[in-house]
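Novice: model the structure of this input:
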Amino acid sequence: MKNLNINLTNKYEMGNSTVYDYDIALNQNKKGERKIKKQFNTNIVAGKEDKDIRLTYAGIDMEDYRYITLDEFIEAVEEADTWDFIDGEVYDEALKAVGLDYSQHEDPDTMWEDFLEAAKSYQ
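Specialist: Just a heads-up that it's a prediction; the model follows:
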């Protein structure tokens, strides 16, 4: 899988949340044609040292965290021993980013299959 190039363009404070606008990446396929590729836009970060995956929050010290790519998120979930290794709110944010509703999924295996299918258009 390819890493996504997410380019932060604007930052907005909305209540306790920070919302970001991202540039849309233009990629070339093997024939040299340019096509617009969707971005995996989330507030999901990983600790630079402990690799702890979490959502951004008011007051977070971004010196200790970095935004993760879609591929890194998928790898972290697939390497986790259990589904609850990653907080539900992180899954919720990731599913929103690909157009899915976390609350509509009762079975984590089905949720993950749906996520991987929806994520294909972001890779």
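Novice: ranges for the strands of this structure?
Specialist: Along the chain, the segments classed as strands by DSSP state E run 8-14, 17-22, 25-28, 34-37, 44-47, 53-55, 65-67.
Novice: contacting residues around residue 95?
Specialist: Going by Cβ atoms under 8 Å, 6 or more residues apart in numbering, residue 95 touches 101-102, 105, 111, 115, 118. C-betas here are computed from N, CA, C, even on glycine.
Novice: among the residues you listed, who's most crowded?
Specialist: Highest neighbour count within those, by other Cβ atoms under 10 Å: residue 115, with 20 neighbours.
Novice: wait, that one sits on residue 101?
Specialist: No - between residue 115 and residue 101 there is no contact under Cβ atoms under 8 Å: 11.3 Å.
Novice: any idea how far residue 109 is from residue 45?
Specialist: Using Cβ to Cβ, to the nearest Å, residue 45 is found at 26 Å from residue 109.
Novice: who has more neighbours, these two?
Specialist: residue 45 (20 against 9).
Novice: got a list of what that one touches?
Specialist: With Cβ under 8 Å, 6+ apart as the criterion, the residues that contact residue 45 are 53-56, 60, 62, 65-68.
Novice: find the nearest non-adjacent residue to it, please.
Specialist: Nearest residue to residue 45 in three dimensions, chain neighbours excluded: residue 65, at 4.0 Å (Cβ to Cβ, 6 or more residues apart in numbering).
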